[in-house]
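Novice: The following comprises the amino acid sequence and a computationally predicted model.
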Amino acid sequence: MTPSNILAYLRRTLPFRTLVVLLGLGLFIFIVRQAGTADIYSGIANVGWGFAVILALAGLRYTLRTLSWIHCFNGPRKLSFTQAFPAILAGDAVGNITPLGLLASEPTKVFLAADRSMIGTATAALAVENFLYSLSVGIIFVFGFGAALIQFEAPPTLWIMGGATLLGLLVILTVIHSILWKRVLVAKPALNWSAQYLPQTKWLELWLSRLKAFEVRIHDLYPRSWTGVITLTLLYTLFHIAAVAEVGLALALITGDTPSWLDALLLETANRFITIAFKFVPLRIGIDEAGTGAFAGLLAFGATVGVTLAIVRKARLVFWFAIGIACLTRHGLSMRTFIDTIKNESPLRLKPSSADAVIAIMARSPHADIHNVKTRLSGMVPNLRDRLDLYTAFLTDSVRPCRNLTGVSTCIAYTPEGGSTGFDQLGIQVDQLLEQRGKTLGERERNLFHTLFEQGFQRVVIIGSDLPTLPSNHLTEALDQLKESNTMVIGPAEDGGYYLLGLTVPAPTQALPDLFTNIRWSTPWTMDDTVAAAARCGLRVHTLTAWYDIDDEISLRRLRKELADPLNSVQAPATTTILNRLFGLAKSKP
């Protein structure tokens, strides 16, 4: 839901929200009178300066949530604490004063914290953080409700009902965790299936691709290393300890006695349940007081103590709420910038360019946790991390000559399974990224050409990502040849495939040439089949000088020999550095 939708929704629901607030105020007044105004005032007075400690504990909880969000990023680009903390406060404030809850608070956090280039990653990281937080809350519910069943000596029927409910909750959270942990794509197949039965429009294609890319981003950011899991577990553990400590401290100050940790846990669990169930009530006014008062009565503290506790905690909420609103006001209450960002942030739309030509590099993320990367090099480079570093170097040196061409755009077409993170370290911005779409290589190339021509480019060249020493004159020759219409340029690879394919934009009345059907991919006949397909389509074919990509040990040895010559090493500086690290400084033979 975009901010404009949120504002429109708030306008439409103003009468309902007004009624809810009035009912909440009425309930608040009734509960306070029932509990005894004088006794409540006395309890609040007992808190005194201890309220500062309560505020500090609440601030600690916001800090821990901020650190959790930051930790859900990967790669070199992350939000700083000074960016994320005000956004967390402002988002929480907006979520508490509107009936939309997460639908209002989470866009607000992203709006305040992230710039345009990080909007997608920040949103995905926030989604991951919210799920992990929900998982930790689910665990707290298990402990809290389990303790309540024991504390109140619940009958067997209630045990069964409560146990079944909690078990169901844990099963749902565990299934979601397993899907994310194992990188199982759920939304993408469902959206592909639905696309077959819905009228295909550009708007639908745009939003389906956004949803699929968002799912991939979430998989990218979900913590899989034990270091990440342990760190987040510690942050959430401290968060819940601080929450229980806050309840215990407030109870101790109000009553003058020392409550047990179990009592504090039970009251915090009840408060968490009220927060979730009545999120649509602004500030849960009246609801907190009634619910906490009733539960405190069951624990023998008395309803008055419970109402006082709820008011004290409401006061600390209002304190941090005011700071959040101040952060939002300082940033600017207008959300036009955020709306424009959402509209433009799409995996199918590059940054508008005056260039009529583009070079698209088909690649996978250098941060991808994929165990089959460059497996044909595993004899020489057995370590996965080393192969990922080597692939990153190949990609870096493949991008470099493309970016040096004047008047030509460069983009990365990334694999969905690898995700879209990590390319910023190569100087590639978010508006230079496209998602590869299709099950086969042919489908992905066809869709990539189609997308780039739709975006207004007249000449499109596609290359691979393992061409670290490809001379730039091969690219300029291809682009020059594509100035003539109805042309295909192909760069033959020495293994029978091709390392480059270029096309001119079809005429308005013509379809994209079918160069991708009935091709024997990854065989010695791939190029011949493609050239034959071009002839059938009536294209003029220009063949470049043959070159080689690095996909086996023979080509890697050849590359090492070439780069041992200092004159050649300048062509691929990143690859030369990695090869020297892996194999030592090579010496060229005269």
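Specialist: Happy to help now that I have it. Owing to the predicted nature of the structure, the values given are computational and were not obtained by experimental measurement.

Novice: Now the spatially closest residue to T308 that is not a sequence neighbour. Its backbone dihedrals?
Specialist: Excluding the flanking residues, the one nearest T308 by Cβ to Cβ, 6 or more residues apart in numbering is G43, at 3.7 Å. Backbone N, C-alpha and C define where each C-beta goes, glycine included. Dihedral pair for G43: phi -60, psi -40, per degrees, to the nearest 10.

Novice: Contact partners for G43?
Specialist: Residues in contact with G43, defined by Cβ atoms under 8 Å, 6 or more residues apart in numbering, are 254-255, 304-305, 308.

Novice: In helices, which of the residues you listed fall?
Specialist: 254-255, 304-305, 308 (DSSP state H).

Novice: which one is F73 nearest to, not counting chain neighbours?
Specialist: Using Cβ to Cβ, 6+ apart, the closest residue to F73 is A125 (5.0 Å).

Novice: so what's that neighbour up against?
Specialist: By Cβ under 8 Å, 6+ apart, A125 lies in contact with 69, 72-73, 221.

Novice: Which parts of the stretch 451-590 of the chain are helices?
Specialist: 472-481, 526-536, 553-563, 566-569, 573-583 (DSSP state H, counting those that start in this stretch).

Novice: what's the spacing between N486 and V430?
Specialist: 34 Å (Cβ to Cβ, to the nearest Å).

Novice: Mean pLDDT per helix and strand in this structure: which one sits at the bottom?
Specialist: helix 336-344 (a mean of 41; mean pLDDT, DSSP states H and E).

Novice: quick check, nearest of the ones in helices among the contacts of G43 to T108?
Specialist: Closest to T108 out of the ones in helices among the contacts of G43 is T308 (31.3 Å), distances taken as Cβ to Cβ.

Novice: count of neighbours near the nearest residue to D549 once chain neighbours are set aside?
Specialist: Nearest residue to D549, sequence neighbours excluded (Cβ to Cβ, 6+ apart): D466, at 4.6 Å. Using other Cβ atoms under 10 Å, the number of residues around D466 comes to 23.

Novice: what comes up buried for the helix or strand that T269 is a member of?
Specialist: Here T269 sits within helix 261-277, counting by DSSP states H and E. Under the neighbour-count criterion of 16 or more other Cβ atoms under 10 Å, helix 261-277 has 262-275 buried.

Novice: try stretch 426-435
Specialist: Those would be 426, 428, 430-435, for stretch 426-435 by 16+ other Cβ under 10 Å.

Novice: among the residues you listed, which are in strands?
Specialist: 433-435 (DSSP state E).

Novice: Closest one of the residues you listed to I578?
Specialist: Nearest member of these to I578, counting by Cβ to Cβ, is L433, at 23.7 Å.

Novice: Verify the stated contact: that closest one with Y414.
Specialist: Yes - shown here, L433 and Y414 form a contact pair, counting by Cβ atoms under 8 Å, at 6.1 Å.

Novice: before we move on, the earlier item: how about CSV for the buried residues of helix 261-277, with distance to V399 and pLDDT added?
Specialist: Listed next are the buried residues of helix 261-277 as CSV, based on distance: Cβ to Cβ, whole Å; pLDDT from 0 to 100:
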residue, distance to V399, pLDDT
L262, 59, 86
D263, 61, 87
A264, 56, 89
L265, 54, 88
L266, 58, 87
L267, 57, 88
E268, 52, 89
T269, 53, 87
A270, 56, 85
N271, 52, 86
R272, 48, 85
F273, 52, 84
I274, 53, 85
T275, 48, 82
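
Novice: Just the closest of these to T576, please.
Specialist: When those are compared against T576 (criterion: Cβ to Cβ), the nearest one is R272, at 56.4 Å.

Novice: my guess is the closest one contacts I139, does it?
Specialist: No - judged on Cβ under 8 Å, R272 makes no contact with I139 at a distance of 11.6 Å.

Novice: element containing the residue most central in space within the chain, please.
Specialist: Nearest residue to the geometric centre of the chain (Cα atoms, centre = their mean): A124, 2.1 Å. A124 belongs to helix 119-151 when assigned by DSSP H and E.

Novice: Name the residues of that helix that are buried.
Specialist: 119-133, 135-137, 139-142, 144-145, 148-149.

Novice: tell me the mean pLDDT over the next helix or strand after it?
Specialist: The helix or strand immediately downstream of helix 119-151 is helix 156-181, counting by DSSP H and E. Across helix 156-181, pLDDT averages out at 76.

Novice: which other helices and strands contact helix 156-181?
Specialist: Helix 156-181 sits against helix 119-151, with contacts defined as 3 or more Cβ pairs under 8 Å, 6 or more residues apart in numbering; DSSP states H and E.

Novice: roughly how far out does the helix it packs on sit from the chain middle?
Specialist: From the chain centre to the centre of helix 119-151 is a distance of 18 Å (Cα atoms, centre = their mean, to the nearest Å).

Novice: And stretch 464-474, by the same measure?
Specialist: 32 Å.

Novice: What lies in contact with that stretch?
Specialist: Contacts of stretch 464-474 (Cβ under 8 Å, 6+ apart): 361-364, 391, 393-398, 401, 404-405, 463, 491, 499-500, 544-545, 547, 549-551, 559, 562-563, 568, 571-572, 574-575.

Novice: what's near enough to touch I359?
Specialist: Per Cβ under 8 Å, 6+ apart, neighbours of I359: 402, 405, 408-411, 461-463, 475.

Novice: From those residues, pick the one nearest I179.
Specialist: Distances from I179 to the contacts of I359, taken by Cβ to Cβ, are shortest for C411, at 30.2 Å.

Novice: Helices along the stretch 301-450 of the chain, start to end?
Specialist: 303-331, 336-344, 384-403, 441-454.

Novice: Turn those into JSON lines, including distance to V281.
Specialist: As requested, the helices of the stretch 301-450 of the chain are arranged in JSON lines below (distance: least, Cβ to Cβ, whole Å):
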{"stretch": "helix 303-331", "distance to V281": "12"}
{"stretch": "helix 336-344", "distance to V281": "26"}
{"stretch": "helix 384-403", "distance to V281": "50"}
{"stretch": "helix 441-454", "distance to V281": "46"}
